[in-house]
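> requesting a structural model of the entry that follows:
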Amino acid sequence: MKIAVHADRPAMGAAAAADAADALRRALAARGQATLVVATGTSQLEVLEAFAAAPGIAWHNVSLFHLDEYCGIRADHPASFRRYLRERFLDILPMKPAAFHWIGADGDPEAECRRLAGLVPTAAFDLVLCGIGENGHLAFNDPPADFDATDPYLVVALDEACRRQQVGEGWFPTLSDVPTHAISMSIRRIMVATTIICSVPDERKAVAVRDTVEGPVSPTVPASILQRHADCRLHVDRAAASRLGSAGERLAARHAP
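Residues are numbered from 1 along each chain as shown. Prediction:
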């Protein structure tokens, strides 16, 4: 894992997007096509805006996959990740991608997982964009996460900490409005990626960042599995890095932008 600490959210987003664009260009140059998994949430706002504007990407040769989605909400719901990605990424791309494989989580979620499994490539994803939750979750794999599930997409239960985060970020008015389940890409399928770009801003995620970087790899901190990835680049702002101890600070210093 490489860690880069940035002055603020805009700087973090720009740097993460630049890394992502480089990874995608390399994949396109090597094979003429690429696969990309995109994430949502407040951590991705600056990243996706800068990424969509990155020059030299043949988006018409890129197939996109969706990281997670709440069960039981429609695509036009204000908190829908499909709506988020359509408005904040797909609609601002300079050209249409080769495909965008949405998660349709307003029907039978188990059937949707099976449908998505038939679309996921057998090879590694070229690039996965992700964040880290306040509870250390990776995608919607809340603690204790299943590190062994082999299905590419899972129906997962959302713990209260995760659901409270969604209220705190303004996506839902009350806790009772937040769905209790979601469809999420599994930990093992996320890890089958050539490059992972993880972006985490804000002080409220500082403990999760510290535990991800400095703690043991454990299902109780799902994002800690990123320590084992060969090319994971963690971009944080100073607030999110504020609880790093000496080990994390030394690692960040070696990869300072």
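
> and for the helix or strand hosting R115, what's in contact with it?
Using DSSP states H and E, R115 maps to helix 109-117. Contacts to helix 109-117, defined as Cβ atoms under 8 Å, 6 or more residues apart in numbering, come from residues 71, 101, 103-105, 151-155, 181, 183. Every residue, glycine included, has its C-beta placed from N, CA and C.

> buried subset of those?
71, 103-105, 151-155, 183 (16 or more other Cβ atoms under 10 Å).

> and the next element down the chain from the lengthiest helix in the chain?
Using DSSP state H, we find that the single longest helix of the chain is helix 9-31. For helix 9-31, the following helix or strand on the C-terminal side (DSSP H and E) is strand 34-38.

> the longest helix of the chain: which residues count as buried?
Buried, per 16+ other Cβ under 10 Å, within helix 9-31: 9, 11-21, 23-25, 27-28.

> alpha carbons of that helix, as CSV, please.
Taking Å, rounded to 0.1, in the frame of the first residue of the first chain, the C-alpha atoms of helix 9-31 are listed here in CSV:
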residue,chain,number,x,y,z
ARG,A,9,-10.1,17.5,-0.4
PRO,A,10,-9.6,19.2,-3.9
ALA,A,11,-5.9,18.3,-3.9
MET,A,12,-6.7,14.7,-2.8
GLY,A,13,-9.3,14.4,-5.5
ALA,A,14,-7.0,15.7,-8.2
ALA,A,15,-4.2,13.4,-7.3
ALA,A,16,-6.4,10.3,-7.0
ALA,A,17,-7.9,11.1,-10.4
ALA,A,18,-4.5,11.6,-12.0
ASP,A,19,-3.4,8.1,-10.6
ALA,A,20,-6.7,6.6,-11.9
ALA,A,21,-6.3,8.2,-15.4
ASP,A,22,-2.7,6.9,-15.7
ALA,A,23,-3.8,3.4,-14.7
LEU,A,24,-6.6,3.4,-17.3
ARG,A,25,-4.5,4.8,-20.1
ARG,A,26,-1.9,2.0,-19.4
ALA,A,27,-4.6,-0.6,-19.7
LEU,A,28,-6.0,0.9,-22.9
ALA,A,29,-2.5,1.1,-24.4
ALA,A,30,-1.8,-2.5,-23.6
ARG,A,31,-5.0,-4.1,-24.8
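
> helices or strands up against it?
strand 2-6, strand 34-38, helix 45-52, strand 125-130, strand 193-200, strand 232-237 (3 or more Cβ pairs under 8 Å, 6 or more residues apart in numbering; DSSP states H and E).

> can you redo these as a markdown table with mean neighbour count, distance to T212 and mean pLDDT?
Converted to a markdown table, these look like this (neighbours: other Cβ atoms under 10 Å; distance: least, Cβ to Cβ, whole Å; pLDDT from 0 to 100):
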| stretch | mean neighbour count | distance to T212 | mean pLDDT |
| --- | --- | --- | --- |
| strand 2-6 | 20 | 10 | 95 |
| strand 34-38 | 24 | 19 | 98 |
| helix 45-52 | 21 | 18 | 98 |
| strand 125-130 | 26 | 11 | 98 |
| strand 193-200 | 24 | 8 | 98 |
| strand 232-237 | 26 | 8 | 97 |
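
> using a markdown table, lay out those together with distance to F81.
Converted to a markdown table, these look like this (distance: least, Cβ to Cβ, whole Å):
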| stretch | distance to F81 |
| --- | --- |
| strand 2-6 | 25 |
| strand 34-38 | 9 |
| helix 45-52 | 12 |
| strand 125-130 | 13 |
| strand 193-200 | 16 |
| strand 232-237 | 21 |
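
> go through those and name the closest to L67.
Distance to L67, taken as Cβ to Cβ, is lowest for strand 34-38 among the helices and strands packed on helix 9-31, at 5.6 Å.

> for the closest one, packing partners?
Going by 3+ Cβ pairs under 8 Å, 6+ apart, strand 34-38 lies up against helix 9-31, strand 62-66, strand 125-130.

> stretch 52-63: how far from the chain's middle?
18 Å (Cα atoms, centre = their mean, to the nearest Å).
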